Structure formats: structure tokens, C-alpha cells
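> Sequence first, predicted coordinates after that:
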Amino acid sequence: MNISFRLNGEKVEIDVRPDRRVVDLLREDFGLTGTKESCGAGDCGACTILVDGESRLSCLMLAAQLQEREIVTIEGLSDEETLHPIQSAFVERGAVQCGFCVPGMILASVDLLKRNPTPTRHDIREGLSGNLCRCTGYHKIVDAVEDAAACLKDDPCR
Amino acid sequence: MPLRDVFLPRTLDDLWDTLEQRPESMVYAGGTDLFVRLRSGSIAPPSLVCLERLNEIKGVRDEGEFLFIGAATTHGFLLAHPLTVEHFPILAKALAVLASPPVRHMGTIGGNIVNASPAGDTLPPLYVLDAEIEISSRREVRRMPLADFIFGPGEVLLGKGEILTGVRVKKLTNENVHHYEKVGLRKGQACAVASLAALLRLSPSGVVEEARLAWGSVGPTVVTLTEVEHALTGEVLSHDTLKGLIPLVRDNVSPIDDVRASAEYRRIVAGQLLLRLQQYRWGGP
Amino acid sequence: MRHPAGHKDSRTSKRSPDRYDRPLSIGTRVPRIDAYAKVTGREKFAADYYGDDLVWAGVKRAGVPHARIEGIDLKRCREAPGVICALTHEHVAGTNRQGVIRKDQPVLADDKVRHCGDAIALVLAEDKESLERALSMVSMDLEPMPGVFDPEEALEENAPLVHEDHPGGNALLKGELQKGIGQAAAAECEVLLEGCFETSYQEHAYLETECGWAQQDEEGKLAIVCSTQTPFRDRMEVAEALGLDPVSVRIIAPYPGGAFGGKDGVTVQTLLGLAALHSGGRPVKMWWGREESFVAGTKRHPASMRYRLGAKWDGALHFLEAKLFFDTGPYDHLGGVVLTLALEHASGPYRIPNVKLEGYAVYTNNPVGGAFRGFGVPQVTGAVEQMMDMLAHRLSIDPVELRMKNALRRGDRSGVGKTLVSSTGLMECLDVVSKHPFWTDRDEWKSAAGPFKRRGVGMSAVMQASGYGPVVPDYANAKVELTQEGKIRVYCGVVDMGQGNASTNLQIAGSILAQTLEEMELVLPDTDRTLPSGSASASRCSYTFGNALIGAAETLKRRILQRAADLLMAQSADQLALVPGRVRCLGTGRELSLERMARLMDETERVAVHHFRAPVALDKLAVADDLRLHGMPHTLFSYGAHVTRVEVDELTGYVEVKDYLAVSDCGTVINPQIYEQQIHGGVAQGLGYVLMEDFRVTEGAVGTPNFATYLIPTAPDIQDIESIAVEIHEHTGPFGLKGVGEIATNGPLPAVSNAVADACGVRFDRFPLTPERVLMGMRTAEHGKESREYQLQTER
Ligand SMILES: Cc1cc2nc3c(=O)[nH]c(=O)nc-3n(C[C@H](O)[C@H](O)[C@H](O)COP(=O)(O)OP(=O)(O)OC[C@H]3O[C@@H](n4cnc5c(N)ncnc54)[C@H](O)[C@@H]3O)c2cc1C
Ligand code: FES
Ligand code: FES
């Protein structure tokens, strides 16, 4: 099956087997291993990607569903030189420990701040409720998203 | 058998063609139930038809007295829609605690209904709203009350070549209490161990003028108890009134034991959840 | 040999600039070195290794808890499309046994199956789909045997044996210990309380499940990239089990995506090694799915604990007795060591003159018990800290006061009689708690509970040993290099599984050498490049490796300065200073860049190595050799005191933790951010343990095989956690630090349970405190009260 879509800003075309999950397509065929798999069943959010700007779980999607969509993975969130404000906030506020949940957590935060640019700490926790982190206790993740929200508010075109 | 084909029809006509040509296919919308079952090995369809591109069955349509919700509308879309919030706060409350944002962006109301899990969060609200569902095939469109459509856990009256195309709900006028409480084992992304949806019309003095109640996860399908609704009607929404109804609830639900909770616990909680309603007498929680 | 695909050093690369251009220093909030690569998705975890011509390897597991293996038929499997080969124990050339203390776990089961997760056959295939299909075609002829699933039943005379050849039967390890006059002291107590507690399994639930990648090169060298805490020990285990020369095995350890003890020991390593020996030189990948991880991975030991605690009327503790049963499943793994640490901490951080301890680590056909953050201490702390609360209640003494009255101070003897010679800051922690509003204002807070809510406040005191104990050497070898490019490269011998020690290492070396992060580089553990430095476990990483690193960094500094002094014709090295990127002669102002220095120095001068061995307890305790070998006693401890405020819902039994404070004495804080991370993470895991993590096992079969049924806390479940560090300098620690990795996990179970008891007047003895358990407990208590009240009325 031949599909084409935009991946991190670039138009791509690929011939895939119909049963290929999006998470496998990204990791194995495109080498984008920033998208993680941790449960394969929708429970953890490690495989979160943005599809047309909205968070989705790439372990519960088949490659065919990418047709004509705009996909952003963690690798596409920033370029080599500068970080997205959410990424910098994660670094600065110590929201990263083992880091395995982090790509999904950051993309979920992008989705959250798009829907709600001025979230309370409670809103942030709710907004990230689909993303498990076993290391941080979430406190510093919430700090980071709070910071990023403030930063994005000052500079909303980011 | 491995999965061989995946189809993404753009129109209902395309869909009917595909379903005719590939009658062995299973349909899915968000895939948030289907792919979990696929992983566990409980199903192994040779081909899949994805409904996510069928604009005809997506979105919310204002039909005056009614609201029509396309089956392939995602929970996220519905939760953010002004019409849901305005007319069906009870549904919005349930959607807000259904799974998590990414699952809400994928999962659909149609999937929740056809999946027919007793724990499905949209179901108790849709039951108290007397939702009517629309089933279509190439040949006909059928309508029936939601409560008639679901007859067991995962069991619905859907024939070959048919899909669920939407849900029609009557806009509310007088109900001033929209209550949904889900009891889970944790706060985020929890499956309901028991839930209660309550739609009440409460007089200024706190008398229940009309009541609709539905419980999730305490029976093979959503449980509605007209005796309890009748008993509540005309009474003051007080602790004593509600407490008096608990035995009736306990005796009429039929929960099961599973890994999440015992039947006994669910039975007790199903009754006790009623007590929470008294808060609305003083303006809500 | 060929370098494994794409493996490169994790280096400092571009980051947001502001924080990184300052010279590193101790005590500052330096963002972690690994964070940049992790937030951009560029960090390569073991799970991220693929490579061309990849082979997928997977394991067929028994699925039954106890059985004799009559036969394994691989014919259909081998003929399945895409299969490269299928292997059994017959293909294992070495001992086919692995384990840390007692090597009792087969790589591939040979004579019998001892738990559902036992590996029976290893299959190699061209892709994941073929692999899955082929695994379903392995046919096993298993003759079921009666199993043992309860530790106490397993100790009975006629119980089926898990290991017929183990001299102790199903008792993997029995530990006994007496202090003072032991049980005879019971009679001298003015109050004597009893309690029984049962804690459940806890699954590590790291987000990166067990995984790795391996390849054998033309010269026969086997490289294994894996998610591990123990690269150097893995090398020996893999070599021995497979019959290889350890020198021909190389273990490369990227940052694991979480470990918490679950990767302390072999998971995929040997299987991967075996697969790579049969893949014709092609790279092989193995990655357990979540369900496989839950079934085959190790867990925190479920424990059943019986306690007696006695005191005088004034609250002075006089006697403690504990009897512990730890279910270690079918293999030692680290079960004996875990039990021993539990015994050492069984009497809590208190001065108790008379103690009697007895404990068993027991073989069963349940899942494998193993290392998990806290290492036996969360279980016993859960028990003893509830006993303390019951005692406080009974004596009507404020719980904090009761603990202060009995708290261990430096110079006291611990529960097992070890004299505490290192810093002992429990009193300071309790002091902070006693003055904190969560504690002082608790009555007011409780009385403000809303409708259907009951509020309670609870606390706990904790301690945690670090290091390996008196017998197994706890050492590290640090290596620091001035690279030819003039950068300072630190070779980490200890894995950073997320706890941040790699960054701490750079901070330590950087502060000694006065460099900024930009001048620093890091090499992650690799048995061919870094030096053996023990496991990432036991709260030892920064303590032991840090001490070694100070030595190495000081040596390198001396060499650079000495050489520069010669070149700049300064009187002595004292007249020079290192500044970022250069050396400066303070008198003349003349400078040499580090790059220049590197070119002027010989290779042997540019690399400094330092060995450090942690001090051990010198006390001669009346402890059996077996317990000494398993680690008793330790000499270095961290301490803490926790308080929590909870709200219980009367209608559902749901417990909500509203606030949490952890006060800790873990010595000097090198980086407050990393320190808080450890406290937050430990508390969150402890909260999961007490509130919801209910790993179910019935007749050896896992009933909660995924994240939909085994629940760990999500963001809304954990409120902000307040962490206060009581910084007491530990004179043996690098810059005064002690271990902070585990201690916080111990506090939540007892603190929350004490708070719930405070809220509902019911003491719970089984965990986790699920809504069901709490609601049923409250109802039983209510009914009890109602019937008592009824009785009283009728009596009147
Ligand atoms: C992590 C996680 C958490 C979850 N939490 C919750 C929760 O809290 N509450 C809750 O209620 N649910 C929860 N779910 C379940 C699921 O997300 C919902 O039931 C969702 O509404 C399913 O919709 P879907 O479109 O994804 O269904 P799909 O998986 O696409 O389909 C489900 C079933 O319905 C059929 N189907 C779907 N659409 C149609 C149609 N239009 N016509 C005919 N048949 C159709 C499919 O054939 C399939 O059998 C959770 C799932 C996951 C993975
Ligand atoms: S891997 Fe997709 S949600 Fe866990
Ligand atoms: S940082 Fe390890 S899982 Fe989140």
C-alpha cells in the first residue's frame, strides 16, 4: 500500500504493509526513534505524536491512517539549533529523568497548550493524564509546562 | 490470520461498496478499543475498514429540537463543542473523565456505543437522555432507542453491512441537575468501577420534580431503575430520601467480580453514589 | 571490531545557553546533561538500536507455574516462514545458569518449569510478525507438577520443592538475630502491641521494557547493547552461562529508560548473546512487550510480617520482635540480599535495647522477586512505622514526639546492634516535621473536611542503608581524560538509569577542574571503555563513584597544573589556576588553552584513574556468616521523615493524598534539582505502592498483565511533593553527600496508612489501600461500632 503524508514538515511517500502500526513505521522505516513504545495498548502515551496538530497514539493507528495527514514527531518539534519552549522548560525545570516518557509528554504538552494556553496546575495534570511517567512524580513536569505556558504567552507565535 | 487490507472510504457509498466486496471486514473508527483487542488476540480480522474519513458521519448537527451527533465524532471534538456544553452538560461531564486527551482525540462516540462496555462513559448519560441511535446500511436507515440497541456486554443489534451512523438526543429544557460521577481506581485515565449519571429537575425548594438515573459498570449493560426514579420524584432531595433508596438500588443492580473490584463493592457503591446528589440542593458540589 | 550501529558518546551539545557557560560548582541547580538529547528525541536508548539486516529474537514462555519438561517440539516453528532458527537449552554451551548470589535461574529451562515466565525456547526471525507467529508454533510437552504459591505453606514439611537440589528446601535464606535479651524483654514491657501486615508485589513498570541489541563480529567478539544497571556483572554472567571467555563479551549500557532495580541483573542479555551466536553475524534485537515484562520481569517481594512492639509508659521503646516472610518466587535473583536488608531495617530508625528478628526468603512458583528501589526496606518500614503510630495512639503521645524520643542518633546502636558512626540526621528531619504547618495545623485542617470526606494526617520516619555491606567489595574506578581537543572526558563506570548520576559526575569533575559543561564530555558505561565500578543500585552510585572521581579529577588537575607550571616557568603548580578552557598563571596572567595542554601532554598523562572502596562496618555482631555475606550490617545510612494529609471519601472509600512533605538527610546536596527529582520520584512510587499498585497473582499466574489492569499513578494522582533537605555533611562522602536514590520510597506506605487510620479510625494491614479495601474496612468498623452501641444500650 502506497501512502503519502507530511512528516515533520516534509512530504514523504512510502510503500507499507497495511498492518504496519504507525509507531513501527516511524521508528523502523523512518528511523525516528524519538517516538517510544511502552505498552502498545494506549495506556501510557509514550508513543504520542501530533496528527494535524492533535495528540494521537501511534501504537493504536495503522500506517494507512496517515494518508494526507500532517505528522509531527518529537524530532520535528525543533531544529538542531533551538529548542521549542516546552523542550527548554523540560530541561531547565528538571522534568527529565530517564527520559523515556519525555517525547510523548512534550507532544502531549504541545497539544494541551494549544487547547488551553493558560492552564492551572490542575489542568496540566489532567491534560497529561494519558502519559505515564514512572520517574518524576510529575511535579517538575507540571512546573515545566507551567513555565512554557508563560513563555508561549509572551511569544505566542512560537 | 494476519491482517491483509485496510480501507479508508471517503463517502458512505464507498463504504457500502467496500463492505459488500469484503464482507469479512471489521469496521473501526478511533481504534482505541479495536487495536487493544487485536493485540490481546481476541479478534483477528483479515481486513479493516476505518471510518475516520467519513465526513458524513462526523460532527454535530443542530436539528432544532434535537442534536444529531455523527457516530465517528471524537470525544475530544464533542467535549469542545459549544452545543454539547450548552445543552448536555451531563454528557460533557462524562466526556471530561473519559480516558485521556489522546484517547479522546481518537475514540468516538460510535465506538463507545458499539463497544457496549458496561463501563463506557458516554452510555449512562446517553441512557438518561433517552438517546436514539441511527443505524444505516446501503439499503436502509433504522432508528431505535439506545437502550434497545445494546443487549449485553459488547453485544448490540447490528446486522451485516450495517454501521452506526449517529445518535440523536433531545435538547433539554427544564433539567437543572446534570450529574456524572465515575468511581475509578485512580484519578487519571481510569476505567469505571461504578458510575452514576443523574438528570434531575429540582424545584427551588429542593423537591425533585423529575428524575432520570443510570448506573454504569454494575450490570451487563447500563442499569436504569424506574422504581428509584419514581420513588425520588416528588420528594425533597435530602439525605434521608436518598438513603432510603439505597436498598432498592443494591437489590436491583447485578454487578460482577473482576480484577478491578468485587461485585459486593460495586453493589454498595452503586447505592451510596446516590447520596452525593443531595449536594445539589444547596447549589451543587 | 565493528562499532555497534550508531553508538556514540553522549556529549554536551547545543542547549539553551544561559546556564551552561558558568563553571560547574557543587550545590547548584545545573540542568542535567542528558536532558537535551532526551527532550529532542535524539537520545538513543537500547530500545532504539536496529541496524541493517536485523534479526528479531523472542522467547517462548512456559505459561504454567510448575512442570516437568517432557519435550519441546520445534519442527513447525522452524518451518514457519521467516524463521532463522529456534533454540533450546541444548544450544547453551555454558552453565545455562544465571543469578547474582545463588545461580539458580536457567537461561532456557532444561529439566523443569518453575514459574509461568520461564523461557523455554529462543526463536530468531526476519521480522516481528514472523517471530510472533513462529513463537505460537513452539509446542511444549509439559507435565504439570503441584506448585507452591504461599511462602508459609512452602516452608511446610511436605511442600513440593521448587529446587530439589537446594539444601534449605524452599527456604532460600533464613535469617535470625537477637539483640539484648530478645523475646525475654516482652515481659518487661508496660505496653506490648501486636500487628500483622501484608504488602503486595510491586512491578517496576519502567517505561522502557527489557530490551537490547547484540552482534558477534568476525573475530568472535560479542557486543551486547542493553538496558541494564549492571554492565560489568552482566558480562561475567553472560560469559559463564554461555560458556564464553568474559573478554570476548562486551556490554554497552546506554541510559536505561527506567530501571529501579528491575534491571539489576540479567534480563535479555544472555538470551540476546545466545541469539547473536546463531544469527550468522547479523545484529539481533530483543524487546519484551509490556505483558512479557510483567510476567517475566522481577518485582518487589510481597511480604507478610508479624510484629510485636513493646515500650515503657513514658514511650521509651523496649522490645521489638519481627517475623518476616518474603516470597522470592522460583529464583534467588537478589531475594536473600533483599531479605537481609529488610531484617537490618526491620526495627526502624530507633534505639531499641531488645530485638528479636526472624525472616525467610522463600522459593515459590510465583513470579520472581528481585531488587526494587528500597530493597526490602519499604515493606518493613511499612510495618514498623504503623506499629509506632499504634503505640503513639495507645500511649496518647504525639506521633512525632514518640519518634523523637526514640530516634537513632550518631553513636547509638541500630536495630541489629551496629554502632552508627556516620552522620545521622533523623532528629533534624523530625524537627522540621514537628514545626511544619502540615503537622502543627493538622486539627484545623482536618475539621475543614467537606461533605462525605474524612481527613487524616499521618507521618513516618525512614532510614535506608547504602552500599553492599561488609563482604562484597563496594568499589568504583573513575577515569578522567583530557582529550586531544582539550575537553574533559569523564568515563562513567556506573549506569545512569535516570537518577542523574552521570550529570552529577560532570558536576563533580567540572567543579574540581573549574570547567563549564561546554568543556565536558561523558562516556557511558561500556565494559571495553569504562572501568568496573559496580552496579547502579543500593543508593551507592554518587557516593562510591563520586569518591573515586574526586581522586581521578584531582590527579588530572595536578598533572595539568604541574605541566603548565613547567611550560610557563612558574615557581610551582600553586601559582596556576584552571579556568574554563585554559590554565592561567596568576602572577603573570599568561595562559595556555587546554587544547594546547592536551597536545603537550603524553597520552598516559592525560588519563587519570582512581580507585575507591567504600568503608565497611567493623562491628563484630553476632550475625551468622550467611547474613554477613548477604550484606549485614551496613555502615552508611540516609534518614528522613515524611508527613501526608489525606482525604477519604465515605461513599466510595477512595483515598486522595492532598499534600506530601518529605524531609531528608542525605548529606550535602550536590544538585538540588537532581536531589528533588529523586525525592519526588521515590515518593510517587511509594504512593503508587500504598494506593493502587495491586499486582495480582493467582496460582502463579499474573492477573494484571498490562497498564490497563496494573495501575500506576498518573499526573492527576500525584499532587505537588514538598522536599526539604536537611543537609548534614557526611565526612566520608564526596563533598559530604550520602545516597538519595531509594530512601523516599519507604515513607509513603506507612505515612498514608497512618493518615487513613487517623481519618477513619481503622487500621489497615493489607495493601494497597484500594477504595474497596478502605470502604469495606470503614463499614466493618461502623457495623462493629453500631453493634457495640446497640449492646451498650441493651445492657443499660
Ligand atoms: C487507554 C484507554 C483508556 C480508555 N478509557 C476509557 C474510559 O475511561 N471510558 C470509556 O468509556 N472508554 C475508554 N476507553 C475505550 C475507548 O476509548 C472508547 O470506548 C472509545 O469510545 C471507542 O471508540 P473508537 O472509535 O476508538 O472505537 P473502535 O476501537 O474504533 O471501535 C470499537 C468497536 O466498535 C465498532 N465500531 C466503531 N465505530 C462503529 C460504527 N460507527 N458502526 C459500527 N461499529 C462501529 C468497531 O467495530 C469495534 O468493534 C479507553 C481506551 C483506551 C485505549
Ligand atoms: S505505547 Fe502507545 S500508548 Fe503506550
Ligand atoms: S522520566 Fe522516566 S518515565 Fe518519565
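Yep, that arrived. Ligands and ions are numbered 1, 2, ... in the order given.
> hmm, who's touching the longest helix along chain A?
Ordering each helix of chain A by length in residues (DSSP state H) puts helix A:139-154 first. Applying C-beta atoms under 8 Å, 6 or more residues apart in numbering or on different chains, the external contacts of helix A:139-154 come out as A:85-86, A:88-90, A:92-95, A:105, A:109, A:112-113, A:117-119, A:121, A:124-125, A:127-128, A:133, A:158, C:673, C:676-677, C:680, C:715, C:718, C:720-721. Bear in mind the C-beta positions are built from the backbone N, C-alpha and C, glycine included.
> contacts with ligand 1 among those residues, please.
Contacts with ligand 1 are made by none of the contacts of helix A:139-154, judged by C-beta under 6 Å from any ligand atom.
> Just the buried ones from those residues, in PyMOL syntax?
With 16 or more other C-beta atoms under 10 Å in any protein chain shown as the burial test, the buried ones among the contacts of helix A:139-154 are selected in PyMOL as follows:
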select buried, (chain A and resi 85+86+88+89+90+92+93+94+95+105+109+112+113+119+124+125+127+128+133) or (chain C and resi 673+676+677+680+715+718+720+721)
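> close to ligand 3, is the longest helix of chain A?
No. Against ligand 3, helix A:139-154 shows no contacts by C-beta under 6 Å from any ligand atom, the least distance being 7.8 Å.
> Could I get the average pLDDT for that helix?
What helix A:139-154 shows for mean pLDDT is 96.
> now swap in stretch C:656-674 and tell me
98.
> centre of the chain versus it, how much separation?
In terms of C-alpha atoms, centre = their mean, to the nearest Å, the centre of stretch C:656-674 is found 17 Å from the chain centre.
> and it with ligand 3, contact?
No. Using C-beta under 6 Å from any ligand atom, stretch C:656-674 stays clear of ligand 3, with a minimum separation of 12.5 Å.
> Can you list the buried residues in that stretch?
Neighbour-count burial for stretch C:656-674 [16+ other C-beta under 10 Å]: C:657, C:659-674.
> go on, stretch C:184-204?
Buried residues in stretch C:184-204 (16+ other C-beta under 10 Å): C:185-186, C:189, C:192-193, C:195, C:197, C:199-204.
> can you check stretch C:711-730 too?
C:711-728, C:730.
> Would you mind giving the domain segments of the chain?
Since you didn't name a chain, this refers to chain A. A:2-77, A:85-154 (automatic domain parsing).
> my bad, the chain I had in mind was chain C
C:11-42+C:475-613, C:47-145+C:210-287, C:299-469+C:620-782.
> again, but for chain B
Split by automatic domain parsing, chain B gives B:5-50, B:55-170, B:177-280.
> quick one, what contacts the residue in the stretch 451-600 of chain C that ligand 3 sits nearest to?
Scanning the stretch 451-600 of chain C for proximity to ligand 3 using C-beta to the nearest ligand atom identifies C:Gly498 as nearest, at 5.1 Å. Contacts for C:Gly498 (C-beta under 8 Å, 6+ apart) come out as A:Gln97, A:Cys98, A:Gly99, A:Cys135, C:Tyr255, C:Pro256, C:Gly257, C:Gly258, C:Ala259.
> do you know how far the closest residue to it other than its chain neighbours is from C:Gly411?
Leaving out its chain neighbours, the residue that sits closest to C:Gly498 by C-beta to C-beta, 6 or more residues apart in numbering or on different chains is A:Cys98, at 3.0 Å. Distance, A:Cys98 to C:Gly411, by C-beta to C-beta, to the nearest Å: 39 Å.
> of the two, who's got more company?
Between A:Cys98 and C:Gly411, counted using other C-beta atoms under 10 Å in any protein chain shown, the more crowded position is A:Cys98 (30 against 9).
> is it true that the more buried one lies in a helix?
No. Counting by DSSP: H, G, I helix; E, B strand; the rest coil, A:Cys98 falls outside a helix, being coil.
> which SS class is the residue positioned nearest the centre of chain A?
Centroid check for chain A by C-alpha atoms, centre = their mean gives A:Leu107 as the closest residue, at 2.5 Å. A:Leu107 falls in the helix class when you classify it by three-state DSSP.
> Can you name the residues bridging to the spatially closest residue to it that is not a sequence neighbour?
Closest residue to A:Leu107 apart from its sequence neighbours, by C-beta to C-beta, 6+ apart: A:Thr48 at 4.7 Å. Beta-bridge partners for A:Thr48, by DSSP bridges, are A:Leu57.
> who's in contact with A:Thr48?
A:35, A:55-58, A:103-105, A:107-108, A:130-131, B:102.
> For the chain, which segments are assigned as helices?
With no chain named, the answer covers chain A. Under DSSP H, chain A gives helices at A:22-24, A:85-92, A:102-115, A:121-127, A:139-154.
> Wait, chain B was what I had in mind.
Going by DSSP H, chain B shows helices at B:12-21, B:34-40, B:75-80, B:82-87, B:89-96, B:101-106, B:109-115, B:123-128, B:146-149, B:226-232, B:239-252, B:263-272.
> Now C:Pro750: phi and psi?
For C:Pro750, the backbone dihedrals (degrees, to the nearest 10) come out as phi -70, psi -40.
> and it, how many residues sit next to it?
Around C:Pro750 there are 30 residues (other C-beta under 10 Å).
> Just give the number of residues close to B:Ile133.
Neighbours of B:Ile133 (other C-beta under 10 Å): 28.
> Oops, could you answer that again for C:His393 instead?
16.
> same thing with C:Arg763?
Neighbour number of C:Arg763 under other C-beta under 10 Å is 17.
> Leaving out sequence neighbours, find the closest residue to it.
Nearest to C:Arg763 is C:Ala757, by C-beta to C-beta, 6+ apart, at 4.8 Å.
> One more: B:Trp215?
B:Val223 (4.4 Å).
> Repeat that for B:Leu78.
Nearest one to B:Leu78, counting by C-beta to C-beta, 6+ apart, is B:Thr84 at 5.3 Å.
> tell me the contacts of that neighbour?
B:Val60, B:Leu78, B:Leu91, B:Ala92, B:Leu95.
> Going by neighbour count, which of these comes out on top?
Most surrounded of the contacts of B:Thr84: other C-beta under 10 Å gives B:Leu91, at 30 neighbours.
> My guess is it contacts B:Pro124. True?
No. Using C-beta atoms under 8 Å as the test, B:Leu91 is too far from B:Pro124 to be in contact (9.8 Å).
> Next one: the residue nearest to A:Leu107, what pLDDT does it get?
We have a pLDDT of 98 for A:Thr48.
> Okay, now the unreliable bits of the chain?
No chain in the question, so chain A it is. A:156-158 (pLDDT under 70).
> Hmm, no, I was thinking of chain C.
Using pLDDT under 70, chain C drops low at C:1-20, C:785-796.
> who in it is up against chain B?
By the rule C-beta under 8 Å from any C-beta of the partner chain, the part of chain C lying against chain B is C:129, C:133, C:451-452, C:651-652, C:654, C:656, C:691-692, C:696, C:703-704, C:708-709, C:711, C:713-717, C:770-772, C:775-776, C:779.
> Return a ChimeraX selection command for the buried portion of these.
To isolate the buried ones among those in ChimeraX, judged by 16+ other C-beta under 10 Å, type:
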select /C:129,133,452,651,652,654,691,692,704,708,709,711,713,714,715,716,717,770,771,772,775,776
